[in-house]
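**Student:** When you get a sec, could you give me coordinates for this:
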Amino acid sequence: MNVNLELHWTVELDKQPVRLDPLVFQLLHGVRHGGHLNYAAKSAGVSYRHAWGVLREWEARFGAALLSSRQGRGAHLTEFAETLLAIVADTETKLAAPLREAALNASGGLAEATDARRHPVTIVSSHQRRIELLRDELRQRHKAGLEVTGSEHALQRFRRGDADIAGFQLPLAEPGRTVAAGLISHLDGGRDEIWLLSQHVMGLLSRQDRPLTEITNLLASDVNFVNRQQGSATRLMLDALLAAETINNADINGYAREEYTDTAVAALIASGHADAGLANEDTAHEFGLHFVPLAPMRFYIAMSKEADSGLRRAVTDFCAAQQGLTSANMKHDEFTPTIARTETHSSSWLLESRCERLDVPLTRPGAYDRAPGSRVRDMTDVAKIFIDGEVGYYGACRLLRAWRHVQTCSSSNSTTQNVKMPGARREALNSADVAILCLPDDAAREAVALVENPATRIIDASTAHRAAEGLDLWFPRI
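**Tutor:** Numbers count the residues shown, from 1 in each chain. I've put the predicted structure just below:
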């Protein structure tokens, strides 16, 4: 399908737009070339009488003569007519190239729209303003549609092949790495192309007249909370923060109340229909809300490396314009999906020192409160957990909360400094049912060397013992 675009002139007469008859220009050019109106009329394919009438009509509308003639000497153009033709010629020259380009774009767009074989582009993404810009950009060449959902759901659909592009957020730092590890399990560094599109900070929003300063403030009975939907990175991060503080989500008023965007959360708080919620810093400032930073976040988009070349080119150009980084240009030490997915050496490992399979029956008071399948030694028996190292404390506590039968845990960053003394540390390691090492490799090796009790089971979150004898299983970074 070919589209041609032409320039037409309109003049306003008595406050009404009137299209200028193109025959006027043809006749004026004919008079200039042939020297009289009869020649111009024949060149235009009209009668002399019709040509004469058209020119007289427009002379009346312009209020200026177009032709000057003398009997026996033909006709020539007036100064006004020469000026009119010069303006038309100059305008057509300036607009010729843009009109040709616009015509080509129109032809291509209509051809794509009528091509039944063309596959529409489906974008499934967590809410983010830049993903809307990407959709609008792709619509210039593709049938692009955007469905806003949580990061987890977006990645699940992308992995199933139900989406061409997935947009998702990953939290950083503890306990965000636990959340991120679950999300990136849906990605394949060998098959997927990943772009880091933006970075922001997620935090706690509240009104300026009633500012909340920490996550535990949500437990107040008069605080109405508004949550993000299940599967969103914000919701997953909230759950991790609550687990780290050992807060039951059922104790938060409004936990089950869901919104699908940060903007909706902020709007409810600003209007007084809610008191608190989690959203990004920019949205908080936009609505004039009090903001307490909780976790740095990164927004990524992913697309298959086998996607249509035109689509990949369009996405690449968009990300470059947004100064987004591809996985190839991200720093090696960044917590990126490709690194976390493909480099198993950076994963965490479960090590059992001088023992068989982990079989410590971890219980808490109340037989009905234990985890399904767990053994019960005694209704009052509580497993003793020692967490050695400060770096991974929150991630470890999230793991322990997942084991609902664990009641208590002690940690070197929550107990006295005596535990850092060799003797106290040795005693803590050997008296624990389970010791979780959140330490650098060398320190993890030193800790294992202190263990003499064959009943102590060790979880090592470093890579120090990834090839050690007695390794039972490994799991993603906590």
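
**Student:** which intervals of the stretch 251-400 of the chain have sub-threshold pLDDT?
**Tutor:** 324-383, 390-400 (pLDDT under 70).

**Student:** residue boundaries of the helices in the stretch 201-350 of the chain?
**Tutor:** 233-244, 262-270, 281-286, 309-321, 337-342 (DSSP state H, counting those that start in this stretch).

**Student:** and Phe62, which of these is closest to it?
**Tutor:** For those, proximity to Phe62 was assessed by C-beta to C-beta; helix 309-321 is nearest, at 47.9 Å. In this view, the C-beta of every residue, glycine as well, is placed from N, C-alpha and C.

**Student:** quick one on the thing from earlier: now tabulate the helices of the stretch 201-350 of the chain in CSV and tack on distance to Asp90 and mean neighbour count.
**Tutor:** Converted to CSV, the helices of the stretch 201-350 of the chain look like this (distance: least, C-beta to C-beta, whole Å; neighbours: other C-beta atoms under 10 Å):
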stretch, distance to Asp90, mean neighbour count
helix 233-244, 57, 23
helix 262-270, 49, 22
helix 281-286, 47, 18
helix 309-321, 35, 15
helix 337-342, 56, 20
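
**Student:** want to try CSV for these, with distance to Leu138 as columns?
**Tutor:** Below are those laid out as CSV (distance: least, C-beta to C-beta, whole Å):
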stretch, distance to Leu138
helix 233-244, 23
helix 262-270, 22
helix 281-286, 24
helix 309-321, 6
helix 337-342, 22
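
**Student:** Out of these, which gets nearest to Trp58?
**Tutor:** helix 309-321 (48.2 Å).

**Student:** what packs against the closest one?
**Tutor:** Helix 309-321 makes packing contacts with helix 129-138, strand 192-206, strand 290-304 when contacts are defined by 3 or more C-beta pairs under 8 Å, 6 or more residues apart in numbering; DSSP states H and E.

**Student:** Any chance of the ones you listed in a markdown table with distance to Gln26 and mean neighbour count as columns?
**Tutor:** Formatted as a markdown table, the helices and strands packed on helix 309-321 follow (distance: least, C-beta to C-beta, whole Å; neighbours: other C-beta under 10 Å):
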| stretch | distance to Gln26 | mean neighbour count |
| --- | --- | --- |
| helix 129-138 | 43 | 18 |
| strand 192-206 | 55 | 21 |
| strand 290-304 | 54 | 21 |
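
**Student:** Which among these is found nearest to Gly272?
**Tutor:** strand 192-206 (11.5 Å).

**Student:** mean confidence score for the closest one?
**Tutor:** Here strand 192-206 scores 89 as its mean pLDDT.

**Student:** Distance from the chain centre to it, please.
**Tutor:** 7 Å (C-alpha atoms, centre = their mean, to the nearest Å).

**Student:** got it, and stretch 35-51?
**Tutor:** 65 Å.

**Student:** Over to stretch 203-214?
**Tutor:** 25 Å.

**Student:** Which residue, other than its chain neighbours, is closest to Leu212?
**Tutor:** Ser206 (4.2 Å; C-beta to C-beta, 6 or more residues apart in numbering).

**Student:** For the longest helix seen in the chain, list every residue counted as buried.
**Tutor:** Ranked by residue count under DSSP state H, the longest helix found in the chain is helix 79-113. Neighbour-count burial for helix 79-113, counted by 16 or more other C-beta atoms under 10 Å, picks out Ala81, Leu84, Leu85, Val88.

**Student:** Same question for stretch 177-196.
**Tutor:** Buried residues in stretch 177-196 (16+ other C-beta under 10 Å): 177-181, 183-184, 186-189, 192-196.

**Student:** Equivalent analysis for stretch 15-34, please.
**Tutor:** Leu20, Leu23, Val24, Phe25, Gln26, Leu27, Leu28, His29, Gly30, Val31, Gly34.

**Student:** downstream neighbour of the helix or strand in which the fifth one is found in the secondary structure list?
**Tutor:** Take DSSP states H and E as the rule and Gln26 turns out to sit in helix 22-34. Next helix or strand after helix 22-34 toward the C-terminus (DSSP H and E): helix 37-44.

**Student:** The next helix or strand after that next one - contacts with which helices or strands?
**Tutor:** Following helix 37-44 in sequence order, the next helix or strand is helix 48-62 (DSSP H and E). The contact analysis (3+ C-beta pairs under 8 Å, 6+ apart) places helix 48-62 against helix 22-34, helix 37-44.

**Student:** got those helices as JSON lines, with mean pLDDT columns?
**Tutor:** Below are the helices and strands packed on helix 48-62 laid out as JSON lines (pLDDT from 0 to 100):
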{"stretch": "helix 22-34", "mean pLDDT": "91"}
{"stretch": "helix 37-44", "mean pLDDT": "90"}
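
**Student:** just to revisit the earlier point, as JSON lines, the helices and strands packed on helix 309-321 with distance to Lys384 would be great.
**Tutor:** Output for the helices and strands packed on helix 309-321, formatted as JSON lines (distance: least, C-beta to C-beta, whole Å):
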{"stretch": "helix 129-138", "distance to Lys384": "47"}
{"stretch": "strand 192-206", "distance to Lys384": "33"}
{"stretch": "strand 290-304", "distance to Lys384": "30"}
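
**Student:** Ala51 is nearest to which of the ones you listed?
**Tutor:** helix 129-138 (50.2 Å).

**Student:** Strand partners (parallel or antiparallel) of the helix or strand just after that closest one?
**Tutor:** As assigned by DSSP H and E, the chain's next helix or strand after helix 129-138 is strand 144-148. Strand partners for strand 144-148, identified by DSSP bridges, are recorded as strand 121-125 (parallel).

**Student:** who touches the partner strand?
**Tutor:** Here strand 121-125 makes contact (C-beta atoms under 8 Å, 6 or more residues apart in numbering) with 131, 134-135, 138, 142-149, 153-154, 157-158, 162-168, 301, 311.
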